[in-house]
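**Q** Build me a model from this:
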Amino acid sequence: MDVIGAGFPRTGTTSVKAALERLGFGPCHHMSEVLDSSDLAARWAGIADTPAGEVDWARLLEGWRSGVDWPLSFFWRELADAFPDARILLTVRDPHRWYESMRATIFKIVSEAGGKPTGAGVPPLLGTILPLLDRMWLSHFGVPSGGNPDEATAVAAFERHTARVVAEVPADRLLVYRAGEGWERLCAFLGADVPDEPFPRLNDTEEMRAKHERWRRGEPAT
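**A** The predicted structure is shown next:
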């Protein structure tokens, strides 16, 4: 792994995934791959109850040059140790706007999936990784994945996570990257040339809602 994303979902991770792949750091792991691959979902489900220090990260992530978004970014600290030469990319945004985006998309989808691993409105492979999502929800928000946090709890978790990453990762290894910044700081951090094209802008809240509605109708998300 060359680049390890440490940010929460809904912080521009889909756009950053596309940018990293454009810059030659692909393939880039993202939750979208997990929900599109029974093999990958099973791999992540297999570590739901495994202490992070006992996971063979090189084997789990074999073939990936970078990764952003959950579930990978939940284990940013362990991955930073497992891949000591990798750079750490912390994607951030205004925490209250982040919460509104999460509430309208991921919190809604996962809440509907709680106790219902298959069915209308639920990505087919989400049920496979629900035990891992429970671990993540409990760690960050203090509730299982079927019960989502209120704004104050979620925002506090976001800010606590951001502060922890900044405090624990050496400054020369870390880029705190705000959604919408464009190419320049990212390319400088990675030692890559700046492409002569717009920075990707993908999977905004409306696009994510549209995916959810397709799932509700039992259709593929793409």
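**Q** quick one, what contacts the spatially most central residue of the chain?
**A** Among the residues of the chain, residue 69 comes closest to the average C-alpha position under C-alpha atoms, centre = their mean, at 1.1 Å. Neighbour list for residue 69: 5, 7, 9, 13, 14, 17, 29, 30, 31, 32 [criterion: C-beta atoms under 8 Å, 6 or more residues apart in numbering]. Any C-beta I mention is one placed from the backbone N, CA and C, and that applies to glycine too.
**Q** what helix or strand does the spatially closest residue to residue 169 that is not a sequence neighbour sit in?
**A** Nearest non-adjacent residue to residue 169, counting by C-beta to C-beta, 6 or more residues apart in numbering: residue 88, 4.9 Å away. Assessed by DSSP states H and E, residue 88 sits inside strand 87-92.
**Q** pLDDT averaged over that strand - what is it?
**A** In this model, strand 87-92 has a mean pLDDT of 99.
**Q** That strand packs against which elements?
**A** strand 3-5, helix 13-22, helix 151-168, strand 174-178, helix 184-190 (3 or more C-beta pairs under 8 Å, 6 or more residues apart in numbering; DSSP states H and E).
**Q** Specify which member of the contacts of residue 69 is nearest to residue 148.
**A** Each of these was scored against residue 148 by C-beta to C-beta, and residue 9 proved nearest at 13.0 Å.
**Q** didn't that closest one look like it was pressed against residue 71?
**A** No. The pair residue 9 / residue 71 is not scored as a contact, 9.9 Å apart, by C-beta atoms under 8 Å.
**Q** shared neighbours, those two?
**A** residue 31.
**Q** Tell me which helix or strand in this structure has the weakest average pLDDT.
**A** helix 205-216 (a mean of 61; mean pLDDT, DSSP states H and E).
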